[in-house]
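A.B. asks: Got a sequence here, can you build the structure:
(one chain, ligands or ions: 1)
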Amino acid sequence: MYAMTSRTITSKMRQELDQLKSGESFRSLPPIHLGHDLYLQYKGQKLLNLASNNYLGLAGTESMKTAAALAARNYGTSSCASRLISGNYSLYDELEQTLCRFKSTQAALVIGSGYSANLGILSSLANRKTLIFSDRLNHASIIDGIILSRATHVRYRHADPEHLAWMLTRNSEQSQKLLVTDTVFSMDGDRAPLAEIVRLCKQHRVFIIVDEAHGVGVLGRGRGLAAELGLEKEIDLHMGTFSKALGSFGGYVAGSRELIELLMNRARSFIYSTSLPPAVVGASLEALKLVDMEPQKGSELMYMSQKLNSFLRSLGFDTGNSSTQIIPVILKDSRTVLAAREKLMDLGVYAGAIRPPTVPAGTARLRLSLRWDMKKNEIDLIKKAFIQLARS
Ligand SMILES: Cc1ncc(COP(=O)(O)O)c(C=O)c1O
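C.D. replies: Model prediction:
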């Protein structure tokens, strides 16, 4: 037996930890098993899962598992090197070519995760002289990418083209300008006003990046919000992830050949990281094929989500401006949200409790994410649980 070494932390670190523990936002790992399934297990209890981003139910399907297993059998368990050294293999090229067709772009590049893709993109394309216009509710990976780039961060009010227009006019003298927005906002389930954003960016000559993490697989016959609005060609760089509706893992960028070449040479999160394991790349490729075969699943999910959203509103719940499969139930303070989550668990339903700093203070919420393979049974279970919650 080895004695456990107990290296202590500094008093400053302990002070910070104690402070976190005394508040309502302290995080710890939930004892969840099979968190991508329609029903997950929580402390041995089977609960309907409203907390996963497996929007199409692809993760865990036989064909995805087979594709992953086959790729591992053919190519091994790890690439053991970064892509530019020796971590490349033919499945990767096949995935990127499929992505180009899927996104109607000249080229595409797969990067470790959605988070590292955003870090790589923003830190490569912007520098101290750049202004980056960014929706105030953009994902943390975008914010971190902007910080890493050292650009000036210009935050416009959430989904507010008028405020964006004002910010753009105020900064019209600046030459290097870039805008980045989530297309579907991860904690609110609403959509960016992409048509207005594109119009303004064209007018002010601003380079446009969209993050389709929650749009891909679902909107626009699986291609995302830009495709749904017919704006694919107007967007300079499409970013997304395989880790949500596509049921796999890994980030991607799609755009012009030159842009992808630039990222390949500049994005440090791509250059200095081991490429994805074959099983993951195999599963991602299968996911794109599955979405191509049944592109209508996303609109079926939208229909189901809109009906449930209206029902929740009829009970008096505030679901914000959600118009997608992500439905926030905004209860404002963290304590109420935690109590509501407990109550829902007693009623057989598991929902994410989202609190500041992930969302702004005073907007703590339950985050419900629906999935295509929910049937009448599941919808009835959700409705019953929320009727009980509304009464309590
Ligand atoms: C909008 C958005 N962008 C990027 C990411 C990061 O993607 P990944 O989980 O693949 O790192 C997320 C994940 O939550 C997200 O919601």
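A.B. asks: burial count for residue 81?
C.D. replies: 12 (other Cβ atoms under 10 Å). Every residue, glycine included, has its C-beta placed from N, CA and C.
A.B. asks: Could you tell me which residues make contact with the closest residue to the ligand within the stretch 51-200 of the chain?
C.D. replies: Across the stretch 51-200 of the chain, the shortest distance to the ligand (Cβ to the nearest ligand atom) belongs to residue 114, at 2.2 Å. Contacts for residue 114 (Cβ atoms under 8 Å, 6 or more residues apart in numbering) come out as 141, 211, 213, 239-241, 243, 250-251.
A.B. asks: Just the buried residues out of those residues, in ChimeraX syntax.
C.D. replies: Selecting just the buried residues from those in ChimeraX takes one command, with 16 or more other Cβ atoms under 10 Å as the test:
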select :141,211,213,239,240,241,243,250,251
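A.B. asks: Spatially, which two of the contacts of residue 114 are the most separated?
C.D. replies: The largest distance within the contacts of residue 114, taken as Cβ to Cβ, falls between 211 and 250 and amounts to 14.4 Å.
A.B. asks: Whichever helix or strand residue 239 is part of and the ligand, are they touching?
C.D. replies: In this assignment (DSSP states H and E), residue 239 forms part of strand 237-241. Yes - contact check for strand 237-241 against the ligand, using Cβ under 6 Å from any ligand atom: residues in range are residue 241.
A.B. asks: other SSEs contacting that strand?
C.D. replies: Applying 3 or more Cβ pairs under 8 Å, 6 or more residues apart in numbering; DSSP states H and E, one finds that strand 237-241 makes contact with helix 114-125, strand 207-211, strand 251-255.
A.B. asks: Name the residues of stretch 303-313 that are buried.
C.D. replies: Counting neighbours by 16+ other Cβ under 10 Å, the buried set in stretch 303-313 is 304-305, 308-309, 311-312.
A.B. asks: any weak-confidence spans in the stretch 101-250 of the chain?
C.D. replies: Low-confidence segments of the stretch 101-250 of the chain, defined by pLDDT under 70, are absent; every residue clears the threshold.
A.B. asks: again, 90 this time
C.D. replies: By pLDDT under 90, the low-scoring segments of the stretch 101-250 of the chain are 174.
A.B. asks: What are the boundaries of the helices in it?
C.D. replies: Counting by DSSP state H, counting those that start in this stretch, the stretch 101-250 of the chain has these helices, from start to end: 114-125, 140-149, 161-170, 194-203, 225-228.
A.B. asks: I'm done for today, thanks for sticking with me.
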